[in-house]
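Visitor: Model the structure of this input:
(one chain, ligands or ions: 1)
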Amino acid sequence: MSIAAIPSQVVAAQPYSIFHVEVARTRRLSPSFLRVTFTGEHLAHFADLGHDQRIKVVLPLPGVDIAEFPDGPDWYQRWRALPDERRHPLRTYTVRAVRQAEREVDVDFVLHGDGGPASRWASAARAGDRVALVGPDARYPGPIAGREWAPPADARRLLLAGDETAVPAISVIAESLSGDVPATILLEVPHREDVLGLRTRPGVEVTWLPRDGAAHGARLVPAVREAAAELARELATAPAAELDDVDVDRELLWEVPDPAAVTSCAGLYAWLAGEAGVVKALRRHLVQEAGVDRRAVAFMGYWRLGRSEPTGA
Ligand SMILES: Cc1cc2nc3c(=O)[nH]c(=O)nc-3n(C[C@H](O)[C@H](O)[C@H](O)COP(=O)(O)OP(=O)(O)OC[C@H]3O[C@@H](n4cnc5c(N)ncnc54)[C@H](O)[C@@H]3O)c2cc1C
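Guide: This is a model prediction of the structure:
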């Protein structure tokens with residue numbers, strides 16, 4: 001069903017709405033990936049924008065009904081103002097699929113143990129469990145933010161690289177790639193059993209890099225370096241540039257080109273996401289050593305080793 005076919009006279013006042021949902025089913029895709037399918041009547045209005053669309057998952061808090069999560073345009077300020085014992089945890093995820101007609105949304109969770117509320121909740125999720133999603137509302141008439149994939153029209157080469165937390169976003173992007181621009185996709189995952197199928201078009205080269213016990217980035221960093229060296233031989237890159245240091249333990253590493261001003265670097269556009277320390281190393285390499293123009297690359301720290309997600313909207 002297309003968005004236009006959804007029966008609704010209501011225009012949403014804000015780009016993001018709170019969708020109260022329950023788990024319809026779960027499917028274990030591999031040792032580290034769990035697909036959770038959410039359902040809820042209002043998901044008919046959940047916008048299907050594709051690419052790396054991010055959302056917030058509002059997780060249960062013992063003793064506080066999820067229906068108490070603040071709604072309305074100022075939900076974030078009201079949520080922030082709540083005392084700790086009444087504030088549901090929020091975590092950032094990617095929309096893996098939207099089926100408006102079936103009122104369903106899929107989110108692929110990386111299971112990394114009991115250390116965080118999202119992974120802990122997902123590991124035990126059962127049909128009927130209730131959560132809320134803060135997601136894009138198809139009834140909003142204006143532009144909706146929350147996606148960073150924005151290759152410029154002159155891109156002649158695409159590079160996408162990430163760890164397991166970026167697999168959902170890269171999968172959606174890869175499945176929607178049109179045209180014939182060659183693309184290199186590098187995906188580091190915890191185990192060889194986590195290599196998932198990826199439907200894409202000819203001209204897209206996908207390499208899965210299982211860590212199998214090695215440190216985060218141990219396979220991704222050399223693979224990106226190698227790809228960058230190959231691309232540098234193919235494309236004339238810029239002189240290496242100086243970079244400000246980002247303290248990934250104190251601030252978010254989130255450097256994305258302004259979509260209105262995004263430019264390719266000698267034809268290259270790159271999108272990189274994953275553990276912030278690893279993304280920082282990739283940024284240093286690409287910009288300072290390989291001569292890639294930072295205006296041609298989205299660098300995104302999706303999570304930080306040893307730290308919970310900072311609460312941000
Ligand atoms: C835009 C965006 C999109 C994202 N999309 C997805 C997605 O689709 N699927 C997905 O699984 N994740 C995704 N993430 C990453 C996810 O938000 C983090 O992994 C988040 O920290 C998980 O929350 P938690 O409650 O499980 O752990 P937290 O409470 O945040 O952290 C607890 C501990 O677990 C560690 N930790 C967190 N994540 C991981 C991990 N993946 N592996 C190992 N240790 C970890 C932390 O370092 C910390 O020590 C995305 C992040 C962003 C910013």
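Visitor: For the residue in the stretch 101-250 of the chain that the ligand sits nearest to, which non-adjacent residue is closest in space?
Guide: Residue nearest to the ligand within the stretch 101-250 of the chain (Cβ to the nearest ligand atom): Gly116, separated by 1.9 Å. All C-beta atoms are positioned from the backbone trio N, CA, C, and that covers glycine. Residue nearest to Gly116 in three dimensions, not counting chain neighbours: Ser308, with 6.1 Å by Cβ to Cβ, 6 or more residues apart in numbering.
Visitor: The one you found and Val287, how far apart?
Guide: 28 Å (Cβ to Cβ, to the nearest Å).
Visitor: Show me which of those two is the more surrounded one.
Guide: Neighbour comparison, Ser308 and Val287: the larger count goes to Val287, with 22 against 13 (by other Cβ atoms under 10 Å).
Visitor: what's near enough to touch Glu230?
Guide: Not one residue lies near Glu230 by Cβ atoms under 8 Å, 6 or more residues apart in numbering.
Visitor: what's the pLDDT at it?
Guide: Per-residue pLDDT puts Glu230 at 87.
Visitor: What of Arg211?
Guide: 98.
Visitor: Can you give me every residue that contacts it?
Guide: With Cβ under 8 Å, 6+ apart, Arg211 has these contacts: 188-191, 218-219.
Visitor: cutoff 10 Å now
Guide: Contact analysis of Arg211 by Cβ atoms under 10 Å, 6 or more residues apart in numbering lists 163-164, 188-192, 194, 217-220.
Visitor: Now pLDDT and secondary structure too, for the residues you listed, in TSV please.
Guide: Formatted as TSV, the contacts of Arg211 follow (pLDDT from 0 to 100; DSSP: H, G, I helix; E, B strand; the rest coil):
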residue	pLDDT	secondary structure
Asp163	98	coil
Glu164	98	helix
Glu188	98	strand
Val189	98	strand
Pro190	98	coil
His191	98	coil
Arg192	98	helix
Asp194	98	helix
Gly217	98	coil
Ala218	98	coil
Arg219	98	coil
Leu220	98	helix
